[in-house]
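Engineer: no sequence on hand, only this structure:
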């Protein structure tokens with residue numbers, strides 16, 4: 001049996017059981033070892049954080065983010081802690097279900113304060129030393145999850161991101177890291193609308209999207225496009241609610257952005273392979289658009305909304321007087 005089929009069966013079974021996320025965490029931690037905060041994953045998320053910070057600095061000229069929101073916290077909040085170290089004043093991060101634990105936050109903070117990682121952290125992040133010292137003191141205090149988060153002014157929410165407890169205009173910067181591909185399309189579009197409500201006048205967003213078949217990440221017998229072969233009905237039988245994959249291609253994301261009034265200011269994408277895409281005989285549902293666009297497997301999108309889409313913030317200030 002192919003590895004991807006076995007994993008699909010396990011995840012499908014777990015998704016039908018009570019306490020599915022706790023069971024999935026136990027299974028990945030003890031059987032597949034898939035939730036370990038590895039050095040490679042830590043560096044990957046530091047790189048993501050650096051790119052997010054560069055996007056903010058490109059527009060604002062500095063890294064002093066007044067408020068940020070991340071969708072998709074996951075097991076380890078590496079990106080929010082990175083933004084904290086860079087000087088973000090107020091941080092929010094959210095998951096549909098509660099994944100962050102005290103143990104995992106402690107593991108994350110230990111990664112940041114480990115002298116062996118100091119050079120890498122300095123390479124990727126503009127660390128404020130006072131905040132690094134604060135992380136060390138948080139570790140020594142050995143408090144509850146809630147108290148440790150409060151020390152960083154980091155707010156962790158679980159629930160529907162379409163109904164965030166935010167005042168309009170309260171968030172300056174919105175990010176995600178390979179999360180969009182796990183959200184059902186209609187829900188994601190509503191979330192983007194909610195982000196627009198929760199964002200400030202410039203409403204800068206910075207999102208990484210992994211459009212490859214996630215089963216191919218550990219099973220080399222299938223390609224990045226394997227899951228595109230299946231119809232919607234067939235995929236419903238394979239997919240699961242533990243790590244769902246919406247299978248959207250880049251043209252679909254771009255159309256969604258356009259419908260929600262988000263203007264893409266920057267796009268960086270991996271080209272993928274048209275030959276490999278066609279070898280999977282993709283279902284007609286995924287063939288709407290130019291092949292080079294459909295074949296892209298990963299994308300990074302920076303977007304803004306309204307007047308801010310056309311001008312930089314300093315010029316926006318001149319135009320509006322604010």
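Structural biologist: On my side now, so go ahead. Keep in mind that this is a model prediction, so the values were computed, not measured. Residues are numbered from 1 along each chain as shown.
Engineer: how about the helices in the stretch 201-322 of the chain?
Structural biologist: Counting by DSSP state H, counting those that start in this stretch, the stretch 201-322 of the chain has helices at residues 232-238, 250-259, 274-279, 291-295, 313-320.
Engineer: need the residues that contact the second one.
Structural biologist: What it means is helix 250-259. For helix 250-259, contacts defined as C-beta atoms under 8 Å, 6 or more residues apart in numbering pick out 180, 185, 188-189, 192, 209, 211, 263-264, 269, 288-290, 293-294, 296, 299, 301, 303. Glycine gets a C-beta too; all of them are placed from N, C-alpha and C.
Engineer: quick one: buried ones out of the residues you listed?
Structural biologist: Buried members of the contacts of helix 250-259, scored by 16 or more other C-beta atoms under 10 Å, are 180, 188-189, 192, 209, 211, 264, 269, 293-294, 296, 299, 301, 303.
Engineer: would you format those as CSV with distance to residue 25 and pLDDT included?
Structural biologist: As requested, these are exported to CSV (distance: C-beta to C-beta, whole Å; pLDDT from 0 to 100):
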residue, distance to residue 25, pLDDT
180, 22, 98
188, 24, 97
189, 29, 96
192, 28, 91
209, 24, 98
211, 25, 98
264, 35, 94
269, 32, 97
293, 36, 97
294, 34, 98
296, 31, 98
299, 28, 98
301, 30, 98
303, 32, 94
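Engineer: in strands only, show me those.
Structural biologist: Among the buried ones among the contacts of helix 250-259, the members found in strands (DSSP state E) are 209, 264, 269, 299, 301, 303.
Engineer: count of residues packed around residue 163?
Structural biologist: By other C-beta atoms under 10 Å, the residues close to residue 163 number 10.
Engineer: does it touch residue 193 like I think?
Structural biologist: No: the pair residue 163 / residue 193 is not scored as a contact, 11.4 Å apart, by C-beta atoms under 8 Å.
Engineer: residue 39 - how many residues pack around it?
Structural biologist: 12.
Engineer: repeat that for the one 10 residues further on.
Structural biologist: For residue 49, the neighbour count with other C-beta under 10 Å is 23.
Engineer: wait, what's in contact with it?
Structural biologist: The contact partners of residue 49, by C-beta under 8 Å, 6+ apart, come to 78, 79, 82, 83, 86, 124, 125.
Engineer: sounds good, over and out.
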